[in-house]
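Student: sequence below, structure please.
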Amino acid sequence: MYKDNSLIPSEAVRLAALGLLAKRPRVYADLARDIRHFTARIVGPSLDLLGPSLELLKIEGLVEAVDSKAPHDTQVIRLTGDGEAELQRLMNANLRGPMGEVNKLIVALKLHFLDLLTVEQRRQQLEMLMEVCDRELIRLNDLREHHVGSEGALLPWLDHEIEEVRQRRAWFLKLREAV
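Tutor: The predicted structure is shown next:
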């Protein structure tokens, strides 16, 4: 985790693994496949997301095999109490900077596992996501104002980006009101 309590890229993979296991125990190989599928569909193949192996989660006591005598790839693994606590810590982490690839993945994971949080924690997460949008709007509007009067495609592109962020913020607000 970074100093500002935001997730480093490998922790996004950790969040994916723990969140999927919180939904239900899974076969080891299926869990690895599901994590790769989800992360690759959000950010594409990424060296930044070569996170800790699922074995490390076992060593740390965050997950355990239901039947340790089964072959490794067919073992069903589940979340432990420590794993649930780690999932809560990761779900409540901040988001960093503008909405880049890793942040998009973290937002997608937070939304995927939002139902694992209490109602108050859900609201807090959605408020945090709206604050990220607010900071992004400030940054983009400042850049736009700096380039007013310039020619080319920069201003129309910035207008497009600003509208996307406004729509994302409105969507988070609507979701928060529904919680």
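
Student: all strands for the chain, in order.
Tutor: 26-27, 63-65, 76-79 (DSSP state E).

Student: let me have those in JSON lines, extended by distance to residue 144.
Tutor: For glycine as for every other residue, the C-beta is placed from the backbone atoms N, C-alpha and C. Converted to JSON lines, the strands of the chain look like this (distance: least, Cβ to Cβ, whole Å):
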{"stretch": "strand 26-27", "distance to residue 144": "46"}
{"stretch": "strand 63-65", "distance to residue 144": "46"}
{"stretch": "strand 76-79", "distance to residue 144": "45"}
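
Student: between the ones you listed, which one is closest to residue 120.
Tutor: strand 76-79 (21.9 Å; Cβ to Cβ).

Student: report the buried residues of the closest one.
Tutor: Of the residues in strand 76-79, 76, 77, 79 count as buried by neighbour count, 16 or more other Cβ atoms under 10 Å.

Student: now those residues as a markdown table including distance to residue 172 and pLDDT?
Tutor: Output for the buried residues of strand 76-79, formatted as a markdown table (distance: Cβ to Cβ, whole Å; pLDDT from 0 to 100):
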| residue | distance to residue 172 | pLDDT |
| --- | --- | --- |
| 76 | 35 | 94 |
| 77 | 33 | 94 |
| 79 | 27 | 96 |
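
Student: residue 148 and residue 155 touch, don't they?
Tutor: Yes. If you go by Cβ atoms under 8 Å, residue 148 and residue 155 touch, sitting 7.3 Å apart.

Student: and residue 153, how far from residue 164?
Tutor: Applying Cβ to Cβ, to the nearest Å, the value for residue 153 to residue 164 is 16 Å.

Student: who's more crowded, these two?
Tutor: Remark: of residue 153 and residue 164, residue 164 carries more neighbours, 14 against 8, as counted by other Cβ atoms under 10 Å.

Student: what's the pLDDT at residue 160?
Tutor: Note for residue 160: predicted pLDDT of 97.

Student: likewise for the one 10 residues further on?
Tutor: pLDDT recorded at residue 170 is 98.
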